[in-house]
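> Everything below, folded, please.
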Amino acid sequence: MKQRQDAWTEEDDLLLAETVLRHVREGSTQLNAFEEVGDKLNRTSAACGFRWNAVVRHQYEEALQMAKKHRKERQRLLAKQGGVKKRRLYEPPMPSLEELGDVMQLPAVIPAAPQPQSVTLDQVIAFLKTFQSHERKRETLVKENERLRREIEELKQKNAELEEKVAKLEENSSTVQEDFETLVKIINRARKMVLKEEEERGLTFRMDSNGNLEKIAE
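Residues are numbered from 1 along each chain as shown. From the prediction side, this is the model:
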């Protein structure tokens, strides 16, 4: 039996085209040509016909028209000579005894397809309960997802507020640091001025461990 499944080659397409054009040109049928090609390539005539109409014919449209024209002229000439008859250029070979044996071994009756099993009420109830359980779980997951989404939004907002507060604290800290450094400079300048005035007046001072000035007895 013909079971060939491989792809068509350029040689196969060329053989198909030449055979079809020859049959058309000489007054035979395309079906007869498909049978001849099918036997040569171990393919079914249906596969050859499909290949011809779907792919090959578009490449040989002009040659096909010329073959049909030649067939008309030939038929016209034969008609004048006493009638036109369809020609069958190819006779498919008879199946072998082995192939006939394979056919005879096929079952005479195709077994009927198994009937679908009937569904009981208990099965329907069990299915509905399972579906209801899945639906509840789905609703729970949806609610949980919504809750987590709200928490994430709240955390994002709090994080933004904290970042703003940190930025303000850093700014204030920088201002305090600058004010402190300025105050220290003013105090140091005032001490120097006091020391200078006291020295001019003949007084001697010294600075204790806490940074305070104390007068030294003469």
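> Show me where this protein dips below the pLDDT cut-off.
Filtered on pLDDT under 70, the chain yields the residue ranges 1-5, 82-119, 198-218.
> Would you state the strands of it in chain order?
For the chain, the strands defined by DSSP state E occupy 204-207, 213-216.
> care to break the chain down by domain?
If you go by automatic domain parsing, the domain ranges for the chain are 10-91, 126-218.
> Nearest approach to T120 belongs to which of those?
domain 126-218 (9.3 Å; CB to CB). (Glycine included, C-beta is placed from N, CA and C.)
> quick revisit: quickly compare the domains of the chain and say which is most buried.
Per residue and on average, the most neighbours among the domains of the chain fall to domain 10-91, with a mean of 16 (mean count of other CB atoms under 10 Å).
> now stretch 19-37, how far from the chain's geometric center?
Per CA atoms, centre = their mean, to the nearest Å, the displacement of stretch 19-37 from the mean C-alpha position of its chain is 46 Å.
> typo on my end, it should be stretch 160-177
Computed by CA atoms, centre = their mean, the separation of stretch 160-177 from the middle of its chain amounts to 50 Å.
> do stretch 42-59 as well
Distance, stretch centre to chain centre, for stretch 42-59: 34 Å (CA atoms, centre = their mean).
> What lies in contact with it?
Here stretch 42-59 makes contact (CB atoms under 8 Å, 6 or more residues apart in numbering) with 2, 4, 8, 13, 16-17, 20, 30-31, 33-35, 37-38, 41, 64.
> how does it look with 6 Å?
With contact meaning CB atoms under 6 Å, 6 or more residues apart in numbering, stretch 42-59 is reached by 2, 4, 8, 13, 16-17, 20, 34-35, 37-38.
> Quickly check the residues you listed for the two that are furthest apart.
The widest separation within the contacts of stretch 42-59 (CB to CB) is 20.4 Å, between K2 and A17.
> from the contacts of stretch 42-59, which is closest to T130?
Within those, the smallest distance to T130 is 49.0 Å, found for R4 (CB to CB).
> Sketch out the helices for this structure, chain order is fine.
With DSSP state H, the ranges of helices along the chain come out as 10-25, 30-41, 45-51, 57-59, 61-81, 97-104, 121-201.
> just checking, what packs against the fifth one?
If I follow you right, that is helix 61-81. Contact here means 3 or more CB pairs under 6 Å, 6 or more residues apart in numbering; DSSP states H and E; on that basis helix 61-81 packs against helix 10-25.
> angle of the helix it packs on against helix 61-81?
Orientation of helix 10-25 against helix 61-81 (axes from the mean of the first three to the mean of the last three CA atoms, to 10 degrees) gives an angle of 30 degrees.
> and helix 10-25 with helix 30-41, angle?
Angle of helix 10-25 versus helix 30-41, following the same axes, to 10 degrees, is 150 degrees.
> returning to that earlier point: can the contacts of stretch 42-59 go into CSV with extra columns for distance to K68?
Output for these, formatted as CSV (distance: CB to CB, whole Å):
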residue, distance to K68
K2, 29
R4, 30
W8, 24
D13, 20
L16, 17
A17, 14
V20, 11
F34, 17
E35, 20
V37, 19
G38, 22
